[in-house]
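# Just a sequence and a predicted model for now, questions to come.
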Amino acid sequence: MKNPEVVIVLAAGEGTRMKSALPKVLHPIAGRTILGHVLAAATPLVGGELRVVIGAHKDLVQAHLSEIAPSATAVYQAERNGTGHAVQLALAGAPTTGSVLILAGDTPLLTTQTLEEFFDVHNANKSAASVLTADLPDPTGYGRIVRDDEGAISRIVEERDANDEERAISEINTGVYLFDNGALREAAAKLSKDNSQGELYLTDVIALIKAAGKVALAIGSTDFTETLGINDRSQLAECAAIMRDRINDRVMKTGVTIVDPTTTWIDIDVKIESDVTIHPGSVLAGKTTVATGAVIGPRTTLTDVIVSAGAKVVESTCTESEIGSDATVGPYSFLRPGTKLAAKAKVGAYVEVKNSTIGVGSKVPHLSYVGDATIGSGTNIGAATIFVNYDGVEKHQTIVGDEVRIGSDTMLVAPVSIGDGAYTAAGSVITEDVPAGSIGVARAKQRNVLGWVLRKRAGSSSAEAAKRAGAVERE
Ligand code: UD1
Ligand code: CA
């Protein structure tokens with residue numbers, strides 16, 4: 001059976017109940033907008049044209065649409081006169097044959113597979129108008145499916161227009177429809193605003209198509225969570241949690257250990273190989289990839305990070321970085337954009353790295369800032385070393401060679417370079433290049449003023465301790 005000639009996504013609503021400056025359909029879930037999820041489910045099924053009805057926040061939604069679905073046609077609904085009005089506008093200028101699939105832009109959990117199953121039933125029954133329905137534990141707010149004595153759908157009644165008996169119906173309209181193009185056009189032209197909201201209801205086409213003597217079907221979905229719509233922030237969180245569980249289940253089926261799936265948030269485009277372990281409280285976002293054997297977390301956030309096989313990242317925040325195989329990061333490391341760690345490199349506790357490359361097996365174990373640097377292999381950067389990359393106006397580069405030993409508390413004032421096998425003395429402020437094999441020493445020579453404490457701090461506990469150790473007050 002051919003895919004629908006026209007697919008219409010309704011996304012013109014205000015999303016008032018979100019109380020947000022951001023349009024409802026642009027709120028993200030698992031690294032994709034709500035609208036992005038709907039389009040991802042629908043796009044494989046578009047047989048001809050994809051039309052998205054936009055209205056509120058038109059410019060923002062349109063810009064996003066051209067980014068994620070450049071082949072879609074945006075249809076502008078200036079006044080929101082209801083879902084029936086939106087569909088009338090979308091049909092104008094669209095192909096007139098085949099079938100028409102209609103979806104709401106605020107149901108991000110719907111899957112391509114469910115839509116395909118829905119199509120199959122529609123086609124097998126030669127239906128002219130099918131609506132996907134669900135049995136909800138709490139149907140409040142949704143349109144109800146009214147069935148006749150034979151069990152066939154006779155119409156859909158909105159909550160606000162329903163009587164008590166109809167409100168007791170738990171089968172609801174999910175807002176997903178498949179129509180014969182001609183039958184839909186004929187019925188849509190007959191819609192009236194004769195209802196409590198004074199709008200054109202798309203739902204009324206069902207009764208109109210039945211009245212024209214054609215087949216209409218209410219097709220139940222097996223998983224009601226797929227059809228949940230988002231109208232407020234609570235439903236946003238509810239859908240995000242369902243999406244999280246869905247992604248985590250998929251990931252675990254491929255051989256990944258997720259120690260606590262309820263606190264692990266993985267974006268939809270993240271790729272994780274088998275035998276990775278993810279500890280609680282971790283977020284894997286954007287286009288992050290994690291290779292086999294890596295261990296992530298606890299409490300680690302990776303955004304657009306490439307983690308190679310066997311690497312360990314503990315209690316750290318990393319963005320737009322590459323972590324080499326068997327490298328270790330954390331606890332409490334901060335990798336900022338442009339960080340590249342080679343195989344077996346180590347970035348340790350309270351270390352921040354930005355726009356820098358750290359070579360094979362090199363270590364920055366404690367309390368350092370590494371910015372705009374290239375570090376060779378087998379090098380050790382002593383505790384509390386700072387790469388002084390910013391002169392107050394511009395950023396400069398530092399180059400550190402292979403097998404270098406940077407002494408603790410060194411300031412490497414860029415631009416500067418340290419040759420292969422060189423050392424720096426602890427506490428040095430290095431402003432000039434250090435040639436290969438040399439030691440750079442740049443600090444005042446130490447002098448001891450003997451007996452100073454006994455003279456200047458006489459009677460203090462320090463002076464007493466010094467006396468016990470045999471110190472004297474001599475000049
Ligand atoms: C609608 C259905 C209801 C169904 C529910 C499922 C109607 C009359 N009611 O109600 O039976 O149970 O969806 O979620 O259709 N939109 C436009 N233009 C408009 C009005 C709405 O594009 O003029 C879009 C909205 O952005 C939204 C979708 O259509 O994506 C549904 O509109 P909404 O106002 O949320 O309808 P519901 O009251 O939820
Ligand atoms: Ca809705």
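Thanks, I have it. Ligands and ions are numbered 1, 2, ... in the order given.
# Spell out which residues of the stretch 301-450 of the chain are next to ligand 1.
Near ligand 1, no residue belonging to the stretch 301-450 of the chain is found when assessed by C-beta under 6 Å from any ligand atom. The way it works is simple: take the backbone N, C-alpha and C, and place the C-beta from them, glycine included.
# For ligand 1, give me its nearest residue in the stretch 301-450 of the chain.
Thr303 (29.2 Å; C-beta to the nearest ligand atom).
# Check the chain too.
Taking C-beta to the nearest ligand atom as the measure, the point where the chain comes nearest ligand 1 is Gly143, at 2.2 Å.
# residues in contact with that residue?
Taking C-beta atoms under 8 Å, 6 or more residues apart in numbering as the criterion, Gly143 is in contact with Ile156, Val157, Glu158, Glu159, Ile172, Asn173, Thr203.
# ok, back up a step: my read: the residue of the stretch 301-450 of the chain closest to ligand 1 touches Ser321, true?
No - with contact defined as C-beta atoms under 8 Å, Thr303 does not count as touching Ser321 (9.1 Å).
# neighbour count winner among these two?
Taking other C-beta atoms under 10 Å, Thr303 and Ser321 do not tie; Ser321 has more neighbours (26 against 19).
# does that one really touch Phe334, like I thought?
No - under the criterion of C-beta under 8 Å, Ser321 is not in contact with Phe334, lying 10.0 Å apart.
# thinking again about what came up before, near ligand 1, from the contacts of Gly143?
Ile156, Glu158, Ile172, Asn173, Thr203.
# Among those residues, which are located in strands?
The subset of the ones next to ligand 1 among the contacts of Gly143 located in strands under the criterion DSSP state E comprises Ile156, Ile172, Asn173.
# ok, and the most crowded of those residues?
Ile156 (27 neighbours).
# In terms of pLDDT, where does it sit?
Here the pLDDT value assigned to Ile156 is 98.
# contacting residues for it?
Listed by C-beta under 8 Å, 6+ apart, the contact set of Ile156 reads Val131, Gly143, Arg144, Ile145, Val146, Asn173, Thr203, Asp204, Ile206, Ala207.
# distance of it from Arg447?
Relative to Arg447, Ile156 is positioned 91 Å away (C-beta to C-beta, to the nearest Å).
# Could you list the contact residues of the stretch 51-200 of the chain toward ligand 1?
53, 77, 80-83, 85-86, 104-106, 142-143, 156, 158, 172-175.
# Buried subset of these, written for PyMOL?
To isolate the buried members of these in PyMOL, using 16 or more other C-beta atoms under 10 Å:
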select buried, resi 53+77+81+82+83+85+86+104+105+106+142+143+156+158+172+173+174+175
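# among the residues of the stretch 51-200 of the chain next to ligand 1, which are in strands?
Here DSSP E is the test, and those give Val53, Ala104, Ile156, Ile172, Asn173, Thr174, Gly175 as lying in strands.
# Would you check which pair of these lies furthest apart?
Farthest pair in those (C-beta to C-beta) is Val53 and Ile172. Separation: 21.8 Å.
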